[in-house]
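can't give you the sequence, but here's the structure:
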């Protein structure tokens, strides 16, 4: 991930191969409030996902992974973002 980030920074800022269309939006405040929390959450998810293999049996981890769509749908309904259609519920 660090290598991809460095490559992107070099291509955009140093070599000017790619010209971002929304350069004016990329202020330090925007990066700190929108991009940094997402990157930190992704890093924490990756670290926790790898650490779980040290403490839980593989079969239990597979059951948890298969339960992910159910948890996702429940969270979407609780936060009133998305609701399943009646056809799916049947």
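Yes, it's here. Keep in mind the model is a prediction, meaning the values are calculated, not measured. Numbering: from 1, shown residues only.

can we go C-alpha only for contacts and neighbour counts from here?
Noted.

Show me which positions of the helix or strand of the chain with the lowest mean pLDDT end up buried.
Using mean pLDDT, DSSP states H and E, the weakest-scoring helix or strand in the chain turns out to be helix 86-89, at a mean of 75. Going by neighbour count (16 or more other C-alpha atoms under 10 Å), nothing in helix 86-89 comes out as buried.

Geometric centre of this protein: which residue is closest?
The chain has residue 42 as the residue nearest its centroid, 5.1 Å off, counting by C-alpha atoms, centre = their mean.

do you know how far that residue is from residue 74?
21 Å (C-alpha to C-alpha, to the nearest Å).

Contacts made by the longest helix seen in the chain with the rest, please.
Criterion DSSP state H: the longest helix present in the chain is helix 36-55. Applying C-alpha atoms under 8 Å, 6 or more residues apart in numbering, the contact partners of helix 36-55 are residue 61.

what about that helix, average pLDDT?
Across helix 36-55, pLDDT averages out at 89.

what about residue 82, distance to residue 5?
On the measure of C-alpha to C-alpha, residue 82 and residue 5 end up 33 Å apart.

Could you do residue 53 as well?
27 Å.

Likewise for residue 86?
Distance of residue 86 to residue 5, given as C-alpha to C-alpha: 43 Å.

what does residue 46 give?
17 Å.

And for residue 18, the neighbour number?
As a burial measure, residue 18 scores 13 neighbours (other C-alpha atoms under 10 Å).
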